[in-house]
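[1] Below are the sequence and a predicted model; questions follow.
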Amino acid sequence: MDKIKWCAGKKEGLSLIEPNSDLAEAYVKKAEEALESLRVNIIKDWKISTAYYTLYFSLYSILTKIGIKCEIHSCTIEFAKRFLRDYFNEWDLEFTEDSLKARIDSQYYIDRTVPDEQYNEMIIKAPEFLIKCKSILIKLNEKKINEIRDKFQVAMNKKK
């Protein structure tokens, strides 16, 4: 089954809402707060979590500006993979997905470790990702937002 359709079929999954620039800015603020927490934290597991949430809230700010609601993180990333390719490259999206896995591993499992290379990359790239998302928010005009929303609706209405 198509993952976007699966995500849209879930209670907390992908759904259309009114585009909301104010809510987008609120998520940017949450991303900035997560980044600040990343900077002051000294515990590796918490640094991984705050680095991930910097990425996630940055990305989610774009979805809210477009008018997409989603409470399933993997579905938020899947939406970006499918509908935000004009703004993100393959690396950005794989990095976000890998960071979600790292956050889950460090937060929920005692016997899983995040490699130092991945950890260091998250710490370095989280602020850059936030800046990129802020730039995307500026570029997203009503025409682009409507194009993305239309593509999402078409994907929802496609038969298997």
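    Received, thanks. Residues are numbered from 1 along each chain as shown.
[2] so how far is the helix or strand bottoming out on mean pLDDT in the chain from its chain's centroid?
    Sorting the helices and strands of the chain by mean pLDDT, DSSP states H and E puts helix 3-9 at the bottom, at a mean of 89. From the chain centre to the centre of helix 3-9 is a distance of 16 Å (Cα atoms, centre = their mean, to the nearest Å).
[3] Can you list the buried residues in that helix?
    4-5, 7-8 (16 or more other Cβ atoms under 10 Å). (Glycine included, C-beta is placed from N, CA and C.)
[4] following it, which helix or strand comes up?
    strand 15-16 (DSSP states H and E).
[5] can you give me the mean pLDDT across that next one?
    Averaging pLDDT along strand 15-16 yields 93.
[6] And stretch 139-153, by the same measure?
    Per-residue scores along stretch 139-153 average to 94.
[7] what's in contact with that stretch?
    Contacts to stretch 139-153, defined as Cβ atoms under 8 Å, 6 or more residues apart in numbering, come from residues 4, 14, 16, 19, 62, 65-68, 79, 83-84, 87.
[8] nearest to L35, of those?
    I62 (16.4 Å; Cβ to Cβ).
[9] which stretch of helix or strand covers that closest one?
    According to DSSP H and E, I62 maps onto helix 44-66.
[10] Which strands or helices does that helix pack on?
    Here helix 44-66 touches helix 21-40, helix 73-83, helix 90-108, helix 116-139, helix 142-157, going by 3 or more Cβ pairs under 8 Å, 6 or more residues apart in numbering; DSSP states H and E.
[11] from these, which stretch is densest packed?
    helix 73-83 (a mean of 20; mean count of other Cβ atoms under 10 Å).
[12] and the closest residue to C133 other than its chain neighbours, how many neighbours does it have?
    Excluding the flanking residues, the one nearest C133 by Cβ to Cβ, 6 or more residues apart in numbering is S58, at 3.8 Å. S58: 27 surrounding residues under other Cβ atoms under 10 Å.
[13] From V28, how far off is S58?
    According to Cβ to Cβ, to the nearest Å, S58 stands 7 Å off from V28.
[14] rewinding a little: quick one, which of the helices and strands packed on helix 44-66 is nearest to A51?
    helix 116-139 (4.1 Å).
[15] tilt between the closest one and helix 21-40?
    Counting by axes from the mean of the first three to the mean of the last three Cα atoms, to 10 degrees, helix 116-139 lies at 150 degrees to helix 21-40.
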